[in-house]
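Chemist: fold the following.
(one chain, ligands or ions: 1)
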Amino acid sequence: MSRFLTDPELPFCKGCGHHLIVRNTVKALEAIGVQPLDVVLVTDIGCHGIVDGNFATHTVHGLHGRSVALGAGMAMALPPQKKVVVYIGDGGATIGLQHILEAARLNVDLTVVVHNNMLYGMTGGQPSGLTPEGFRTVLTPQGYPFPHHDLPRLVHDAGAPFAARVVGLGDFSDVLRQALETEGFALVEVLEICVSYGVKMNPDLRLKELAQQAGYEPGVWTRPSRPAFRPVPRETSSLLDMEPVEVRYTSPLEGRYALVLGGSAGEGVQQAAELLAQTAIAAGLHATKKGSYPVTVGVGFSTAEVVLSRPPIFYHGVTQPDAVVITSADGLENQRERIRKMAGGILWLDASLPVPETGAEVRVRDFRGRAGARNAAVYALWTFLQETGVIPAEAFAETVRRSSLGQHIPENLLK
Ligand code: SF4
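Modeler: Numbers count the residues shown, from 1 in each chain. Model (predicted):
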């Protein structure tokens, strides 16, 4: 078995062309001499995408049509010796056509393998933008009435240094090898017929004849090479070059602490949460901050989730908060369900609000009365730190005073 596969039993229907695409990809990867963990395989939604578990490479499963965008982001961030390969179907390529064209135009360093079986196989055989005219599908039993996109030509015109189309029969690994060896964007469209839906609706068609009749011209289209797009040179990327934050404070926290701050838009909730996260980092912790608010931005609730942690944070979601701090009726309404489900932890609640149903310990404090609406969030977090000591409250006060918020904070508020 190839070192690129963990399981040679592929999860496709018997006779599906996806089998051959995988075998040829593996052969091409072996030919260029990379190691499995030098490869990131990004798959899309579709039958091809369920192959993730068979590959011994890194694998990432994208949303429908978005795998090229996802792969492009990775290709721009990873060191040049890593290979990013995107698997996408004709349906995904139709949905994400603009992503493909932009990646080709920018010359992002990735290889896209389009599994063109001329219909959406996973969802029951509907036509896509790559379905050829006259091809029968469940939605077009009389034959598809429109001409198909010519994907290799489109990416070639967009500037791709390598574009190819192959009929997905036999050994086409050499074309995939050339694509993988291209510096910059390469796309290979592989023609197949879905044996479950395509053959059923078009029993008289054979792949080679179909390709010919549909004007699916096999070939390779190249352009002189040009440098692959790197927004920031990888060796000097801002991430790698980032100045380490000076650790000025200490924190007794050993594990992870998740806090939710809920208030109203325009009352500094997001900024207060960011200042808390910054203080935590300056106290030697890892921190994440995630904000949510309605699309209207300036009215309604504003909620921030902050995770503080001694170990690195690999998941920044908050399922069970240790603390919820609520400063306004909007915040309470937005977080009511989460608060109701709390079986422990602490709820800090503004004194103006009714105590909601909760299993958390409730601490009522006069945030708004003491600090006013504009400063209620920052004052609430300072109160939370005073009472928990997760990080020193004075450190937070210092961060606030140094920030643009500092000038609006009354002298004695955070003392
Ligand atoms: S439904 Fe079609 S595309 Fe999906 S695995 Fe079966 S033959 Fe392949």
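Chemist: which helix or strand in the protein has the lowest average pLDDT?
Modeler: Sorted by mean pLDDT, DSSP states H and E, the helices and strands of the chain end with helix 238-241, the least confident at a mean of 46.
Chemist: buried residues in the helix or strand just after it?
Modeler: Counting by DSSP states H and E, the element after helix 238-241 in chain order, helix or strand, is strand 256-264. Across strand 256-264, burial judged by 16 or more other CB atoms under 10 Å covers Y257, A258, L259, V260, L261, G262, G263, S264. The C-beta positions use only the backbone N, C-alpha and C, and glycine is treated the same way.
Chemist: and what of stretch 29-49?
Modeler: 29, 34, 36, 38-49.
Chemist: the ligand contacts on this protein?
Modeler: F12, C13, C16, H18, C47, N117, G121, C194, V195, S196, Y197 (CB under 6 Å from any ligand atom).
Chemist: hmm, A258 is touching A304, no?
Modeler: No - assessed by CB atoms under 8 Å, A258 is found out of contact with A304, at 11.5 Å.
Chemist: in this protein, which helix is the longest?
Modeler: helix 367-388 (DSSP state H).
Chemist: tally of neighbours for the closest residue to P36 other than its chain neighbours?
Modeler: Nearest non-adjacent residue to P36, counting by CB to CB, 6 or more residues apart in numbering: A56, 4.4 Å away. For A56, the count of nearby residues is 18 (other CB atoms under 10 Å).
Chemist: please apply the same query to the one 3 residues further on.
Modeler: When neighbours are defined as other CB under 10 Å, T59 has 18 of them.
Chemist: related to what we said a few turns ago, I'd guessed the residue nearest to P36 sits against V34; true?
Modeler: No - using CB under 8 Å as the test, A56 is too far from V34 to be in contact (11.9 Å).
Chemist: which parts of the protein are strands?
Modeler: For the chain, the strands defined by DSSP state E cover 39-43, 58-61, 83-89, 111-116, 162-167, 186-191, 219-222, 256-264, 286-292, 301-309, 323-326, 346-350, 361-365.
Chemist: contacting residues around the fourth one?
Modeler: Taking CB atoms under 8 Å, 6 or more residues apart in numbering as the criterion, the residues outside strand 111-116 that touch it are 17-18, 21, 25, 46, 48, 68, 71, 83-90, 93, 100, 103, 130, 151, 176, 179-180, 182, 185-192.
Chemist: quick one: average confidence on that strand?
Modeler: For strand 111-116, mean pLDDT rounds to 98.
Chemist: state the distance from G255 to the ligand.
Modeler: For G255, the distance to the ligand equals 45 Å [CB to the nearest ligand atom, to the nearest Å].
Chemist: residues in contact with the closest residue in space to that residue that isn't next to it in sequence?
Modeler: Leaving out its chain neighbours, the residue that sits closest to G255 by CB to CB, 6+ apart is R310, at 6.3 Å. R310 sits next to S251, L253, E254, G255, R256, G284, L285, H286 when contact means CB under 8 Å, 6+ apart.
Chemist: need the pLDDT of R310.
Modeler: At R310, pLDDT is 97.
Chemist: and the one 5 residues further on, by the same measure?
Modeler: pLDDT recorded at Y315 is 90.
Chemist: look up phi and psi at it.
Modeler: phi -140, psi 120 (degrees, to the nearest 10).
Chemist: next, count neighbours for it.
Modeler: Other residues close to Y315 by other CB under 10 Å number 9.
Chemist: and what of the one 5 residues further on?
Modeler: Neighbour count of Q320, defined by other CB under 10 Å: 11.
Chemist: wait, V307 touches Q320, no?
Modeler: No - the criterion here is CB under 8 Å, and V307 misses it with Q320 at 11.7 Å.
Chemist: mutual contacts of these two, please.
Modeler: With CB under 8 Å, 6+ apart, V307 and Q320 have common neighbours A258.
Chemist: ok, back up a step: compare the residues of the chain next to the ligand and tell me which is most surrounded.
Modeler: Of all those, the highest neighbour tally under other CB under 10 Å goes to N117, namely 30 neighbours.
Chemist: point out where the stretch 101-250 of the chain drops to low pLDDT.
Modeler: Residues of the stretch 101-250 of the chain meeting the criterion pLDDT under 70: 232-244.
Chemist: where exactly do the helices run in it?
Modeler: 151-158, 173-181, 198-201, 207-213, 238-241 (DSSP state H, counting those that start in this stretch).
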